[in-house]
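K.L.:
whatever this is, show me its structure:
(chains A and B)
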Amino acid sequence: MTDFDQLHFTAEHEWVRLEPAADGAAPSATIGITAYAADKLGDVVYVDLPDEGVEIADGSVVGEIESTKSVGELFAPVNGTILAKNSAVEDSPELVNSDPYGEGWLIRVAFTELPDLLSYPEYQALLSDEEASH
Amino acid sequence: MAVPFVDRHIGTDAAAQAVMLQTLGYDSVNALVEAAVPESIHAAEIGADGVGRASVIPAPATEREVSAELRALASQNSVKRSMIGLGYYDTITPAVIKRNVFENPSWYTAYTPYQPEISQGRLEALINFQTMVAELTGLTTSNASMLDESTAVAEGMLLARRASKQASHTFVVDADALPQTKALLASRAEAVGIDLVELDLASTAPDDLPESFGVFIQYPGASGRIVDPRPVIEKAHAGGALAVVAADLLALTLLESPGSLGADVAVGTTQRFGVPMGFGGPHAGYMAVRKGLERQLPGRLVGVSVDAVGNRAYRLSLQAREQHIRREKATSNICTAQVLLAIMAGMYAVYHGPDGLKAIATEVNERARDLATTLRAGGFEVVHEHFFDTLTLAVPGRAHALADSAYARGYLLNVVDDDTLTVSVDETTTPADLLAVTDALDALPRGSATYTEVLPSLPAALIRSTDYLTHPVFNTHRSETSMMRYLKRLADYDYALDRGMIPLGSCTMKLNAATEMEAVSWPEFAGLHPFAPRDDVTGYLSLIDQLETWLAEVTGYDSVSLQPNAGSQGELAGLLAIRGYHRSRGDEARTICLIPSSAHGTNAASAVLAGMKVVVVACDELGNVDVDDLRAKIDGHADTLAALMITYPSTHGVYEHDVVDICRLVHEAGGQVYVDGANLNAVLGFARFGEFGGDVSHLNLHKTFCIPHGGGGPGVGPVAARAHLAPFLPGHAFAQKQEHPLVGVGASAGAGTVVHAGGAVSGAPYGSSSILPISWAYVRMMGSEGLKQATGAAVLAANYVAVRLRDHYPVLYAGDNGLVAHECILDLRPLKDATGVTVDDVAKRLVDYGFHSPTMSFPVAGTLMVEPTESEDLAEIDRFIDAMIAIKAEADAVQAGEWPAGDNPLVNAPHTAQSIAVGSWEHPYDRERAVYPVQSLISHKYWPPVRRIDQAYGDRNLFCACPPPEAFEEG
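P.N.:
Predicted structure coming up:
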């Protein structure tokens, strides 16, 4: 089971999990999209992710998640450098739907500073606001 | 006394309309429409004070009279034997294809196959086309057609820029490219900041190629010359550029394929595969790409997937690339392509097979070679050693005289310049033709003829060694009986207007009357080369002039160009006209295009291709442009505003009340107003774009003016403009007549002519000319009053549907007096929230009831947009309404727990015959409920050939060619 209290969230429906830092290494985080986002997109058929070593800037578009009927953009939630992308998701995009918080992770990023992100209760509040506005 | 055509075209008669009006509480159709259309935009009366001249549209003619008038126009055209070449060749349309496809409403009245379960026939036909193109070009994936060769090259250029990692803005163009392609590339490249460099690639050392993101090669060249492109392609690749090769498919049956020579992209036309020249179109262009570039393809792509029980089924793939989803980030603005013509070309290959195609190509090549041999013996210099079907002759100072001599004998040669002629041979060329041309050139051997060696005309290094068209479908249907039955089988899979209503919002699936269609295949309209001399096409030019003036009058504009061969191209042409206008006044900085959030995605994609930047304007909760946000966006771009693009009535099917104010705000800020004419069927005769504030519009002749949709093309997207923009409408160097009528309404009435001097947007001067007689005949038979009646009947039908269904499904938007325009949006989101039944479930269940679904999830996700059009009668409209009400009751039963959410007639829809007959039946509803939910279906039933198709499977496992036969044995 996903321990949501261990995750941070963004208003762009991404989750950020801080990874235990190795000695001396920069802190790193794993990033994916939330189950809500995956459900809204529908059946994901293709993901385009940045390669290892690419520098990313907070708020910029660094990838795409494409379903049969729409396209979602992957926003960088932090400034940093790509440590890894999830090749398994490139080969089996359905993992984003079936296990968005686990096997469906997207990128791993080394960063220097973590911006303000949402806690799980804050993200849930955001979701109920979005639902109410529809 | 003949029944007036208007009574054949409009489905509801006076009695039916009275019933419908009573339901709505109005006394007359005019009263209804005038209550719906804001008073501020009501059309001025032509011939009265508002417009100081008589109408240019004549009083309506009967069907018989119109046939006779078209005959008279046809007789003013003169069909010569064309040897002009330049991408257009005479061809023999197999009669079995002409009768069973081209002239068969089961094929030509179908819509784009967005509902794949009821479109398997044309999807299979299109996958044949894709397989044909991919195998002949030696590339992995072909799309399901492009608009024409020249626009396909432009799309190839744009694809190369997207896919290349090279930062250069330079695109290298073969000097031996088709002249119309070069002209079109020039205008398309300039708008998006691409620099073109034209080089004779045969004489340029590869090391002298400039740095570029792409190189374009014509293979064989416009001169007929065949050059091995490999050194250029290798050099291009080494520099990070992509190679785009335009190739002649018939030549490729003999020559090495572009793919095997290293090309990344192949483009071209399939016209000579049995599609008449038609004075320029319509024909299917094509584009194929190597592995890895599939996602960069523009246009429609058919792929293989599976249905709910695992049977193979076809569907449109990778739709997320397209402009309706990705908007300004789309791979292209094209949507409609040339499906009907692509199907014909694919069937030409099915009927002839690889051996038949090769035999045709060999004969063409041998005839060209024989002609070369004779002409050499007669003292002519045949310039190029290697050619497929076209000879370049060096005739210093004599080119015009020799062409005139040939013309006098009924042959059209291509004069390149004073010193150069080209002669092209095609499938229809006979030995007698060669003799006549030789005689006309005065090259017949006299006295003791000297023996001249027959030289090989194809370069040994480029003789094709790879197989093509090995799939059984290209090797089975050799007899006409077999071909006829194959075409019938595919047609029977599909739902077209010959089965029932297609109530697709924003698509206007009205009648395509038989009388309108008749002239299209007459040789005097079908058999002309687009660059034929003016004297040979006077009937066409009269028809085109008349249609231009009629369309100008009904839209309130001053001049019309019929050149754009799709709505998307009309949008592009209109935006390029705005761009040209601003730049002519020194306003280079005006590049911002405001587009409401509700707009069709094509608007945004077109704006980008016209070199503009898209800024989105918000809509309010009623679906109208948010005027406060518009003001803010205008203020924010005061010096850079180029245009606002709005659709009227809006994509929400509502007559926006504030449209006059909206146009005024844009004009006050120095911008131009582009009114998208997609919904013209809601205002024709009641309001005119040019009167209420529009500066330019495109119309869709395939919506409002009866050109059939052809299963996803052809379309025609004329662009209409006010006088100040008219000089910037698309021109064409080869147009037989540069001046166009300037109609003028009101102040500028009766104003003479204007030259359209903007860049070309189609390969041919008048685009898809051969289908213009359809729209001409429609206006001629309806007259002004009939067109107005059609609008009234369409608006009446939409409001009737809205009122009858609103207690079952909320109607999302309405305008003045609670009325909708010519379409209405049914909101299915509350139903989904309450019952779990989705818009897909309802759409597919409609198939079981014998209907084509309305437009799904456009412009609002989770909704259905219904456009009944004026052509449906009350019985059919009521049958649809009853089906929708019955489906709502089924959804209610799911909600009430009578059927589980995962197993009910809706989620399992559509039901095939196989699904109720084979195996045991284990659903909580009976088989009769599944397939005969209403009694009338027992005597008349459309059976879908497949169950619901798995969309995700097809995109995750992309396969876009004919599946091997054993694939159908699984599942």
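K.L.:
which phi and psi values does B:Leu242 adopt?
P.N.:
Main-chain torsions, B:Leu242, degrees, to the nearest 10: phi -100, psi 150.
K.L.:
what's near enough to touch it?
P.N.:
Neighbour list for B:Leu242: B:159-160, B:163-164, B:213-215, B:236, B:264-265 [criterion: C-beta atoms under 8 Å, 6 or more residues apart in numbering or on different chains]. Backbone N, C-alpha and C define where each C-beta goes, glycine included.
K.L.:
go on, A:Gln6?
P.N.:
When contacts are counted by C-beta under 8 Å, 6+ apart, A:Gln6 is found next to A:Arg17.
K.L.:
for it, give its distance to B:Asn365.
P.N.:
72 Å (C-beta to C-beta, to the nearest Å).
K.L.:
again, but for B:Ala436
P.N.:
Per C-beta to C-beta, B:Ala436 is found 20 Å from B:Asn365.
K.L.:
who has more neighbours out of the two?
P.N.:
Neighbours per residue (other C-beta atoms under 10 Å in any protein chain shown) separate B:Ala436 from B:Asn365, with B:Asn365 holding more: 21 against 16.
K.L.:
quick one: pLDDT of that one?
P.N.:
In this prediction, B:Asn365 carries a pLDDT score of 97.
K.L.:
need phi/psi at the nearest residue to it once chain neighbours are set aside.
P.N.:
Excluding its sequence neighbours, the residue lying closest to B:Asn365 (C-beta to C-beta, 6 or more residues apart in numbering or on different chains) is B:Phe388, at 5.7 Å. Main-chain torsions, B:Phe388, degrees, to the nearest 10: phi -100, psi -60.
K.L.:
thought B:Phe388 was touching B:Glu363?
P.N.:
No - using C-beta atoms under 8 Å, B:Phe388 is not in contact with B:Glu363, being 11.9 Å away.
K.L.:
neighbour count winner among these two?
P.N.:
B:Phe388 (25 against 13).
K.L.:
what's near enough to touch the more buried one?
P.N.:
Residues near B:Phe388 by C-beta under 8 Å, 6+ apart: B:220, B:224, B:226, B:248, B:250-251, B:254-255, B:361, B:364-365, B:368, B:457-458.
K.L.:
any idea which of those is closest to A:Asn79?
P.N.:
Nearest to A:Asn79 out of the contacts of B:Phe388 is B:Asp248 (C-beta to C-beta; 53.0 Å).
K.L.:
quick one: the closest one from chain A, how far?
P.N.:
Noted for B:Asp248: a distance of 34 Å to chain A, by C-beta to the nearest C-beta, to the nearest Å.
K.L.:
ok, that residue - contacts?
P.N.:
Each residue near B:Asp248 by C-beta under 8 Å, 6+ apart is listed here: B:219-220, B:268, B:272, B:388-389.
K.L.:
name the element the residue nearest the centre of chain A belongs to?
P.N.:
Nearest to the geometric centre of chain A sits A:Gly32, at 2.3 Å (C-alpha atoms, centre = their mean). Applying DSSP states H and E as the criterion places A:Gly32 in strand A:28-33.
K.L.:
can you give me the strands for chain A?
P.N.:
With DSSP state E as the criterion, chain A has strands at A:8-9, A:14-19, A:28-33, A:44-48, A:55-56, A:61-67, A:71-75, A:80-85, A:107-111.
K.L.:
now what about the fifth one, what contacts it?
P.N.:
The reference is to strand A:55-56. A:50, A:62, A:76, A:78-82, A:109.
K.L.:
swap in the fourth one?
P.N.:
Residues outside strand A:44-48 that contact it (C-beta under 8 Å, 6+ apart) are A:38, A:63-68, A:89-90, A:93-94, A:96-97, A:106, B:295, B:320, B:952, B:955-956.
K.L.:
report the angle between the longest helix anywhere in chain A and strand A:14-19.
P.N.:
Longest helix of chain A, by residue count under DSSP state H: helix A:120-132. Using axes from the mean of the first three to the mean of the last three C-alpha atoms, to 10 degrees, the inter-axis angle of helix A:120-132 relative to strand A:14-19 is 170 degrees.
K.L.:
send the alpha carbons of the helix or strand bottoming out on mean pLDDT in chain B over as CSV?
P.N.:
Sorting the helices and strands of chain B by mean pLDDT, DSSP states H and E puts helix B:323-326 at the bottom, at a mean of 76. The C-alpha trace of helix B:323-326 is given here as CSV (Å, rounded to 0.1, in the frame of the first residue of the first chain):
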residue,chain,number,x,y,z
GLN,B,323,-5.0,19.2,-33.8
HIS,B,324,-8.3,18.5,-32.2
ILE,B,325,-6.4,17.4,-29.1
ARG,B,326,-3.0,19.0,-29.3
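K.L.:
buried ones in the next helix or strand after that helix?
P.N.:
For helix B:323-326, the succeeding helix or strand toward the C-terminus, using DSSP H and E, is helix B:339-377. For helix B:339-377, the neighbour count (16 or more other C-beta atoms under 10 Å in any protein chain shown) marks B:339-354, B:356-358, B:360-361, B:364-365, B:367-377 as buried.
K.L.:
what's the following helix or strand past helix B:339-377 packed up against?
P.N.:
Toward the C-terminal end, the helix or strand that comes next after helix B:339-377 (DSSP H and E) is strand B:381-382. On a contact count with 3 or more C-beta pairs under 8 Å, 6 or more residues apart in numbering or on different chains; DSSP states H and E, strand B:381-382 meets helix B:339-377, strand B:390-394.
K.L.:
and the residue in the stretch 301-450 of chain B positioned nearest to chain A, how many residues sit next to it?
P.N.:
When scored by C-beta to the nearest C-beta, the stretch 301-450 of chain B has B:Ala320 as its residue closest to chain A, at 4.6 Å. Number of residues near B:Ala320 (other C-beta under 10 Å) recorded here: 23.
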